[in-house]
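**Q** 3D, please:
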Amino acid sequence: MRQFGTILADSFRESVDCKSLQVLLVLALILIVLCAGTSFETEKPEGVIEKQAALLGVQQQRGHRFGWAWLGGNVECKATDIKPVTAQEGWGPEFSGGFCLTLTFKTRDMLDLLTRRWRAEKALAEARARRPGVRPPEPPSDKDPLTPQDYRACLEGRFREMGYARTQAAFLSEDPPAFRLAVRTDYPHELCGASRMKLLYGAINFPLLQTSVAEMVVTMQLFMANIFAGGVGIFVAILVCSGFVPSMLQKGTLDLVLARPIGRGRLLLYKYIGGLWFVFILSAVLIAGCWLAITLRTGYANPWFLVTVVTITATFAVIHSVAVLVGVLSRSGTLAAMLAIFVWGTSATLLAIRNWLRDMYAGQMAPAWLMNTLDALYAIAPKTSDLAALNVSFLSRSHLSEQAFQRAFAGRLPKIDWAWSLSTTALFTLAMLALAMWCFRRKDY
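**A** The predicted structure is shown next:
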């Protein structure tokens, strides 16, 4: 155990001397300070509903991402007589604690535009649920008749998209089109447009028009975990830690190391764990600091954010195993880093292409030989991008309701067989380490 601690200390001292690590720590500290300077201010419910009604015609507009020019145009509507729901209003008990309002449209054509847009988005969502990646269906004809039931369903659906779990609309008048609505939310922090985001301790603030506090917090956490720590952090860690094994194999250094009563296999394994320990400490400082800052400033504590330290370390463990093998064979830290980054980028690219062909188009647009080849490569390649998707999955599902999750992440997460993905990735890592130890034992230095 003393030998293990000595090797860990040597690895840490070697990494501390690297300037890139110092820069990374400074950037991590800046991110923690930025998180500590971030807060949210909730606006009054009446003002929120009035603003949501004004943005009703442009809310989400997901269809524009698919190039549907016919979905363009704004819808002018106004919310009035906004007040808490009372028993005299005639709404059900499920709306107790909610609000009711009168929603009036400027013209009938604007209401028709909003309803047809909503029906098109609903048809697309249902088609994608049946088959991921399906192409947008033909937009409903403008000549299709619309009924009062269609109008009510559209308004109730739009307000549900804004974060109201319970909605009910009643028709009031036809010219101008007017409705009486009752809305209630179970999760106030998931209401779109209900808060203002403040940065740098209030120096900068802006409204969250088409997103909620909960979604913004998850987005911030995913940036820390997947982009900074899981992207930039791992990239720098590869550059720093890829030289651990080659530096140990230098003449003079190796003789002193092998003079210790320790086997070669165990020595290499300890050196490998030294790199993981370095990344674990670095990511733990960043994630724990950001989690504490976000929790104290926003009041939304998500303990699952701390689990991303494990997935970040696991991602690096997979890539670092390649660097260890190359380092044993070549004694070059530069080559080890280059090939590790190459395997990391290539595997992510192959997985993206495979998921795009299989999940987005069900493989029907690709030749059978290509899909079989991609499936074979998928079985062999390390699936580090799946670990990033795992972060998205448990962070969003642990912090968001099902309704908010569907609004923010529906269609963005690939379908993954987690047992197969994680087990084959672990086997790849073990194979790289086993091959590295076998070569280290047999090679004469």
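**Q** OK, contacts around the spatially most central residue of the chain?
**A** Centroid-nearest residue in the chain: Val392, 3.7 Å away (criterion: C-alpha atoms, centre = their mean). Counting by C-beta atoms under 8 Å, 6 or more residues apart in numbering, Val392 makes contact with 222, 226, 409, 412-413. In this view, the C-beta of every residue, glycine as well, is placed from N, C-alpha and C.
**Q** Kindly report the same for Thr104.
**A** 77-78, 80, 176-178.
**Q** List the buried residues in the helix or strand encompassing Leu111.
**A** Assessed by DSSP states H and E, Leu111 sits inside helix 108-130. For helix 108-130, a neighbour-count test (16 or more other C-beta atoms under 10 Å) marks 110-121, 124, 128 as buried.
**Q** From the contacts of Thr104, keep the buried residues only.
**A** 77-78, 177-178.
**Q** Quick check: the two most widely separated of these?
**A** Using C-beta to C-beta, the two most remote members of the buried ones among the contacts of Thr104 are Lys78 and Pro177, lying 11.5 Å apart.
**Q** What's the local residue count around Ala170?
**A** 14 (other C-beta atoms under 10 Å).
**Q** Bridged to it, which residues?
**A** Counting by DSSP bridges, Ala170 forms beta bridges with Arg180.
**Q** residue contacts, it?
**A** Here Ala170 is in contact with 152, 179-181 (C-beta under 8 Å, 6+ apart).
**Q** Closest one of those residues to Leu21?
**A** After measuring the contacts of Ala170 against Leu21 - C-beta to C-beta - the closest member comes out as Leu181, at 56.1 Å.
**Q** isn't the closest one right next to Phe159, touching?
**A** Yes: counting by C-beta atoms under 8 Å, Phe159 is a contact partner of Leu181 at 6.9 Å.
**Q** so what sits against both of these two?
**A** Thr167.
**Q** more crowded one of these two?
**A** Neighbour comparison, Leu181 and Phe159: the larger count goes to Phe159, with 28 against 25 (by other C-beta under 10 Å).
**Q** so which helix or strand takes in the more buried one?
**A** With DSSP H and E as the criterion, the answer for Phe159 is helix 148-161.
**Q** What of Leu34?
**A** helix 19-36.
**Q** ok, back up a step: out of the contacts of Val392, who has the most neighbours?
**A** Ranking the contacts of Val392 using other C-beta under 10 Å puts Asn226 first, with 21 neighbours.
**Q** Skip the chain neighbours and tell me the closest residue to that residue.
**A** Spatial nearest neighbour of Asn226, chain neighbours left out: Ala388 (4.8 Å); criterion: C-beta to C-beta, 6 or more residues apart in numbering.
**Q** What distance do you get for the one you found to Asn205?
**A** From Ala388 over to Asn205 the distance is 31 Å, taken as C-beta to C-beta, to the nearest Å.
**Q** out of these two, which sits in the busier spot?
**A** Applying other C-beta under 10 Å to Ala388 and Asn205 shows that Ala388 carries more neighbours, namely 21 against 13.
**Q** Inside strands: which ones of the contacts of Thr104?
**A** 77-78, 80, 177-178 (DSSP state E).
**Q** so which helix or strand takes in Gln403?
**A** Assigned by DSSP H and E, Gln403 falls in helix 402-409.
**Q** And whatever helix or strand comes next after that helix, what does it pack against?
**A** For helix 402-409, the succeeding helix or strand toward the C-terminus, using DSSP H and E, is helix 418-442. The contact analysis (3 or more C-beta pairs under 8 Å, 6 or more residues apart in numbering; DSSP states H and E) places helix 418-442 against helix 264-298, helix 304-330, helix 368-380, helix 384-399.
**Q** Can you give the contact residues for helix 418-442?
**A** 264-265, 268-269, 272, 317-318, 321-322, 324-325, 327-329, 379-384, 386-387, 390.
**Q** Would you point out the helix or strand in this structure whose mean pLDDT is lowest?
**A** Here the helix or strand of the chain ranked lowest by mean pLDDT, DSSP states H and E is helix 253-258, holding a mean of 54.
**Q** Hey, what's the angle from the helix holding Gln403 to helix 384-399? Just curious.
**A** 140 degrees (axes from the mean of the first three to the mean of the last three C-alpha atoms, to 10 degrees).
**Q** Please name the nearest non-neighbouring residue to Ala237.
**A** Per C-beta to C-beta, 6+ apart, closest to Ala237 is Val279, 4.9 Å.
**Q** Ignore what I typed, I meant Pro45.
**A** Pro45 sits nearest to Phe99 (C-beta to C-beta, 6+ apart), 5.9 Å away.
**Q** Got the phi and psi for the one you found?
**A** phi -130, psi 150 (degrees, to the nearest 10).
**Q** and it, how far is that from Ala436?
**A** Phe99 is 64 Å from Ala436, by C-beta to C-beta.
**Q** show me where pLDDT drops low in the protein?
**A** Across the chain, the ranges flagged by pLDDT under 70 are 1-20, 57-75, 125, 127-144, 250-262, 358-366, 410-412, 444-445.
**Q** Break it down into its domains, please.
**A** Split into domains by automatic domain parsing, the chain comes to 2-39+212-442, 44-192.
**Q** Fine by me, we can end here.
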